[in-house]
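Trainee: give me the fold of what follows.
(chains A, B, C and D)
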Number of protein chains: 2
Amino acid sequence: MTDTEGDGLDLAERIAGVLRERLITGAAVPGEQLSEAALASDLEVSRNTLREAFRILIHEGTLERIPNRGVFVRVPSVSSILDVFRVRRVIEVGAVREALPKHPAIADARAAIERAKQAQEIPEWTIVGTANMEFHSALVSLADSPRLNIFFQNVLAELRIAFVSLHSAEHLHAPFVEQNEELTVLLEQGRMTEAAAELETYLARSERLVLASFGRMGQS
Amino acid sequence: MTDTEGDGLDLAERIAGVLRERLITGAAVPGEQLSEAALASDLEVSRNTLREAFRILIHEGTLERIPNRGVFVRVPSVSSILDVFRVRRVIEVGAVREALPKHPAIADARAAIERAKQAQEIPEWTIVGTANMEFHSALVSLADSPRLNIFFQNVLAELRIAFVSLHSAEHLHAPFVEQNEELTVLLEQGRMTEAAAELETYLARSERLVLASFGRMGQS
DNA sequence: GCATATTTGTCCGTATGTATA
DNA sequence: CTATACATACGGACAAATATG
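Mentor: Numbers count the residues shown, from 1 in each chain, chains lettered A, B, ... in the order given. Take a look at the predicted model:
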């Protein structure tokens, strides 16, 4: 279940994992060009395999290719953020609304919440952010669809890059841990319709906050 | 808007387009291995670029890589079909339920329906199939989310491969043209909740039919 | 069970075109 | 406008894994 080290994956996928890590830790910033030659020698792989890794991340949405110019870390725009939240609304709310009571994913959501609360007290905001994303991934897995799960994970990764460039995880995550807690209680009680409604308001508020932070600093 | 000829796309993406075409026309059958050397010389590209094209199709879900063995046309399984329909239920129904009245995509849906009805009279079942998929893509675009659109297209492509291997497009599509017509009328009248309900029953019936056809022939 | 042929995985060198200083 | 840097694409090479006789 790890992803930076070698298993049955080939080199390109492992390299893609390394790049993913660099993106969410902020080691690579939006707009930055990823030069083939430089990165290849840095990561000690050939340019060919690096290009294959690029293909993976490009289709995941975290990198962008400009023809004959190279690949760049995708810079989040207002419209892309709006899009990500539209996706979240359809998928997360849909998954919650149709969720079965006592679904195992509810326990995963609970576990993620507890991790978030613990990290909040240290405080370790990167971990809070990770736990929060795992919480929402758990919500999606209520739909029991592997395809939805991986797609959703890609979309969330995009949002995370935007968070990094806002470098204000605390401000963005803190207000929501409590609300997610309430949502989880509703799930545990099998009150799915109410949970779906709660999630809707969560997403609306979160979207507003992200857009506000976004507009406050970097433009585009 | 074409996709087999060259635009601003690079070679690997164009090759991916060619392979996509081969897959939905049945020129490549599920389970078949796509040999790097053979395909590269056939398509007159280098093995490296072919491998990049593979990455794209693998991520789209139509091809599958088995480490150190090569890439194969993904063979649809019962669980993958179930998954595809779970995805469709969440996304299509979600998009329809929240759709705005008079949304431009409704006209697209109408146009696709008319194309399907025309092709049905020729009869040209491949075109009926294409029009049907465009109809459902139009439903998804009611959500105004580019990311949902392309994801959904990939998922539908998978289903289409399953259809090809069932080589019974007539039997699978014909009963539904009329039902989609009714659905479109509801959309045009702004009765989104009823349309969403209609779509739910459509998907349930379609899923049953596909699974039945599937179980009747090829195993796995 | 073994030796051999085939194929993937990965790398390198290089030619060509495109964008930028 | 020339020069330079870089992405794009190709072909060949070789080790390692896999399939075949």
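
Trainee: let me see the ranges of the strands in chain A.
Mentor: Ranges of strands within chain A are A:33-34, A:63-66, A:70-73, based on DSSP state E.

Trainee: now for the second one, which elements pack on it?
Mentor: So that's strand A:63-66. Contact analysis of strand A:63-66 by 3 or more CB pairs under 8 Å, 6 or more residues apart in numbering or on different chains; DSSP states H and E lists helix A:47-60, strand A:70-73 as its packing neighbours. C-betas here are computed from N, CA, C, even on glycine.

Trainee: nearest to DNA strand C, of those?
Mentor: Set against DNA strand C and scored by CB to the nearest atom of the strand, the helices and strands packed on strand A:63-66 come closest in helix A:47-60, at 3.5 Å.

Trainee: tilt between the closest one and helix B:47-60?
Mentor: 20 degrees (axes from the mean of the first three to the mean of the last three CA atoms, to 10 degrees).

Trainee: buried residues, helix A:47-60. List them.
Mentor: Residues of helix A:47-60 classed as buried: A:48-60 (neighbour count, 16 or more other CB atoms under 10 Å in any protein chain shown).

Trainee: same question for it, mean pLDDT?
Mentor: Per-residue confidence for helix A:47-60 averages out to 94 on the pLDDT scale.

Trainee: longest helix in chain A, please.
Mentor: Counting by DSSP state H, the longest helix found in chain A is helix A:192-216.

Trainee: so, low pLDDT: which residues of chain A?
Mentor: Across chain A, the ranges flagged by pLDDT under 70 are A:1-8, A:166-170, A:218-220.

Trainee: show me what contacts the residue of chain A found nearest DNA strand C?
Mentor: When you check chain A against DNA strand C by CB to the nearest atom of the strand, the closest residue turns out to be A:Leu11, at 2.9 Å. Residues counted as contacts of A:Leu11 (CB atoms under 8 Å, 6 or more residues apart in numbering or on different chains) are A:Val45, A:Thr49.

Trainee: same thing but at 6 Å, please
Mentor: A:Thr49 (CB atoms under 6 Å, 6 or more residues apart in numbering or on different chains).

Trainee: any figure for the gap between it and A:Glu52?
Mentor: In this structure, A:Leu11 lies at 8 Å from A:Glu52, with CB to CB, to the nearest Å as the measure.

Trainee: repeat that for A:Val84.
Mentor: Summarising the geometry, the distance separating A:Val84 from A:Glu52, computed by CB to CB, is 26 Å.

Trainee: ditto for A:Ala212
Mentor: Relative to A:Glu52, A:Ala212 is positioned 39 Å away (criterion: CB to CB).

Trainee: which residues does whatever residue of chain A ends up closest to DNA strand D form beta bridges with?
Mentor: Sorted by distance to DNA strand D under CB to the nearest atom of the strand, the residues of chain A start with A:Gly70, at 3.1 Å. According to DSSP bridges, the residues that bridge with A:Gly70 are A:Ile66.

Trainee: these two touch, right, it and A:Glu32?
Mentor: No - assessed by CB atoms under 6 Å, A:Gly70 is found out of contact with A:Glu32, at 10.6 Å.

Trainee: and stretch A:67-85, which residues are buried?
Mentor: Of all the residues in stretch A:67-85, those buried under the rule 16+ other CB under 10 Å are A:Val71, A:Phe72, A:Val73, A:Arg74, A:Val75, A:Pro76, A:Ser80, A:Ile81, A:Asp83, A:Val84, A:Phe85.

Trainee: still on that earlier bit, who are the packing partners of the longest helix of chain A?
Mentor: When contacts are defined as 3 or more CB pairs under 6 Å, 6 or more residues apart in numbering or on different chains; DSSP states H and E, helix A:192-216 sits against helix A:78-97, helix A:169-188.

Trainee: near chain B, which residues of chain A are found?
Mentor: With the criterion set to CB under 6 Å from any CB of the partner chain, chain A comes near chain B through A:8, A:48, A:52, A:55-56, A:59, A:67, A:83, A:86-87, A:90, A:94, A:143, A:145, A:147-148, A:151.

Trainee: near DNA strand C too, which of those?
Mentor: Checked against DNA strand C using CB under 7 Å from any atom of the strand, the residues of chain A next to chain B give the following subset in range: A:Asn48, A:Pro67.

Trainee: quick one, phi/psi of the nearest residue to A:Leu142 once chain neighbours are set aside?
Mentor: What sits nearest to A:Leu142 in space, not counting adjacent residues and going by CB to CB, 6 or more residues apart in numbering or on different chains, is A:Ala99, at 4.0 Å. In terms of degrees, to the nearest 10, the main-chain angles of A:Ala99 are phi -70, psi 150.

Trainee: cool, the one 3 residues further on as well?
Mentor: Reported as degrees, to the nearest 10, the phi and psi values for A:Lys102 are phi 60, psi 20.

Trainee: distance between stretch A:26-44 and the chain's centre?
Mentor: Stretch A:26-44 has its C-alpha centroid displaced from the chain centroid by 21 Å (CA atoms, centre = their mean, to the nearest Å).

Trainee: so that stretch, near DNA strand C or not?
Mentor: Yes - part of stretch A:26-44 sits close enough to DNA strand C to count as contact by CB under 7 Å from any atom of the strand, namely A:Glu44.

Trainee: how many other residues sit next to A:Glu64?
Mentor: Residues near A:Glu64, counting by other CB atoms under 10 Å in any protein chain shown, number 15.

Trainee: circling back to that earlier point, export the buried residues of stretch A:67-85 as TSV, with columns for distance to B:Ala27.
Mentor: Shown next, in TSV, are those (distance: CB to CB, whole Å):
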residue	distance to B:Ala27
A:Val71	31
A:Phe72	36
A:Val73	37
A:Arg74	34
A:Val75	39
A:Pro76	40
A:Ser80	36
A:Ile81	40
A:Asp83	34
A:Val84	36
A:Phe85	40
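
Trainee: could you tell me which residues of chain A lie near DNA strand C?
Mentor: A:Asp10, A:Leu11, A:Ala12, A:Glu44, A:Val45, A:Ser46, A:Arg47, A:Asn48, A:Thr49, A:Pro67, A:Asn68, A:Arg69.

Trainee: try it again with 6 Å
Mentor: When proximity is defined by CB under 6 Å from any atom of the strand, chain A lies next to DNA strand C at A:Asp10, A:Leu11, A:Ala12, A:Val45, A:Ser46, A:Asn48, A:Thr49, A:Asn68, A:Arg69.

Trainee: closest to A:Ala116 out of the helices and strands packed on strand A:63-66?
Mentor: Comparing those by their distance to A:Ala116 (CB to CB), the top pick is helix A:47-60, with 24.4 Å.

Trainee: packing partners for the closest one?
Mentor: helix A:11-25, helix A:36-43, helix B:47-60.

Trainee: okay if I get these as JSON lines plus distance to DNA strand D?
Mentor: Written out in JSON lines, the entries for the helices and strands packed on helix A:47-60 read as follows (distance: least, CB to the nearest atom of the strand, whole Å):
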{"stretch": "helix A:11-25", "distance to DNA strand D": "12"}
{"stretch": "helix A:36-43", "distance to DNA strand D": "4"}
{"stretch": "helix B:47-60", "distance to DNA strand D": "4"}
